[in-house]
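In: Could you work out the structure for the sequence below:
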Amino acid sequence: PELSEEPAAEMVKMTKSKTFQAYLPNCHRTYSCIHCRAHLANHDELISKAMYSFFLQSFQGSQGRAYLFNSVVNVGCGPAEERVLLTGLHAVADIYCENCKTTLGWKYEHAFESSQKYKEGKFIIELAHMIKDNGWE
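Out: Numbers count the residues shown, from 1 in each chain. Reported below is the predicted structural model:
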């Protein structure tokens, strides 16, 4: 009997290139998503350590410590909902990485207590979901 020889299946590794909505400049210290390395924030957008140093240590997310940022990139925002946090009642919206869809933290939409108004429009990202990139020594 005649044996037919079929060509061996070629093993091709397909890789998906990463396309982020925004890239932060390489000359600045940045924070990136630990899961996919999408840029999230420039270190300059971290709320001033001098002015709010006592706030930075008190931010807690569901998975531990978190940082407060003025602005972020490459994140999507879910619907706002009222939550009672350690500092009182807030309207917050979960934020997630636009690239890998991991929930990173939340955006403060509204603070009901006057002492917490400085948080409105700002973003919490949990340290468990970010990594430092570019020029940290």
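In: Distance check, the closest residue to Met130 other than its chain neighbours against Arg83.
Out: If the residues on either side of it in the chain are set aside, Met130 comes closest to Tyr31, at 4.5 Å by C-beta to C-beta, 6 or more residues apart in numbering. In this view, the C-beta of every residue, glycine as well, is placed from N, C-alpha and C. When C-beta to C-beta, to the nearest Å is the yardstick, Tyr31 and Arg83 sit 24 Å from each other.
In: Now the element after the helix or strand containing Glu109, going C-ward?
Out: Element membership for Glu109, per DSSP states H and E: strand 103-111. Sequence order places strand 123-126 as the next helix or strand after strand 103-111, per DSSP H and E.
In: Mind giving me the packing neighbours of that next one?
Out: If contacts are counted by 3 or more C-beta pairs under 8 Å, 6 or more residues apart in numbering; DSSP states H and E, strand 123-126 sits against strand 39-42, strand 64-69, strand 103-111.
In: Strand partners (parallel or antiparallel) of the helix or strand just after it?
Out: Per DSSP H and E, the first helix or strand lying C-terminal to strand 123-126 is strand 130-133. Under the criterion DSSP bridges, strand 130-133 sits next to strand 30-33 (antiparallel) in its sheet.
In: can you give me the mean pLDDT across the partner strand?
Out: The average pLDDT within strand 30-33 is 93.
In: what's the burial count for His43?
Out: Neighbour count for His43, taken as other C-beta atoms under 10 Å: 17.
In: how much space is there between it and Tyr31?
Out: Taking C-beta to C-beta, one finds His43 at 7 Å from Tyr31.
In: Quick check: buried residues in stretch 72-81?
Out: Buried residues in stretch 72-81, counted by 16 or more other C-beta atoms under 10 Å: 72-75, 80.
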